[in-house]
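A.B. asks: 3D model of this:
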Amino acid sequence: MKQNGGHFTIRRTRAASTTFKVSLPRADTRGRLGTILLVEDEPSIRCGGRQLLELLEYRVLEAGDPHEAIWLASRYDGAIDLLIADVVLP
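C.D. replies: Residues are numbered from 1 along each chain as shown. Got it, this is the predicted structure:
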């Protein structure tokens, strides 16, 4: 992530909560924005993530599980610039 101008921060509090912050550079290749494949099994988190990334002008492909992600990726004609996936998926 660093070699491409992004960074990642983890902040823990005494209340046992953890905040993850991911800063991504804008990807602009031949006038197109970057494409992110977002894989998350919780619909509300997936929807919120998609909305945030789209506000930042990324093209987002979203999948609810790894099988759907593989299916989407195999049928997508363009380049997928980044994969964001839930660490714990069923």
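A.B. asks: what's the neighbour count on Val88?
C.D. replies: Close neighbours of Val88, defined as other Cβ atoms under 10 Å, add up to 6. Every residue, glycine included, has its C-beta placed from N, CA and C.
A.B. asks: my bad, should have said Leu89
C.D. replies: Using other Cβ under 10 Å, Leu89 has 14 neighbouring residues.
A.B. asks: now do Gly64
C.D. replies: 17.
A.B. asks: Low-confidence regions, this protein specifically.
C.D. replies: Where the chain drops to pLDDT under 70, the residues are 1-4, 26-32, 90.
A.B. asks: Report the outermost residue of it with respect to its centre.
C.D. replies: Distance from the C-alpha centroid of the chain peaks at Arg14, with 27.6 Å (Cα atoms, centre = their mean).
A.B. asks: in which helix or strand would I find the closest residue to Val22 other than its chain neighbours?
C.D. replies: The shortest distance from Val22 to any non-neighbouring residue, by Cβ to Cβ, 6 or more residues apart in numbering, is to Phe8 (5.4 Å). Element membership for Phe8 (DSSP states H and E) is strand 7-12.
A.B. asks: Contacts made by that strand with the rest, please.
C.D. replies: 1, 18-23 (Cβ atoms under 8 Å, 6 or more residues apart in numbering).
A.B. asks: Each with direction, which strands does it pair with?
C.D. replies: strand 18-23 (antiparallel) (DSSP bridges).
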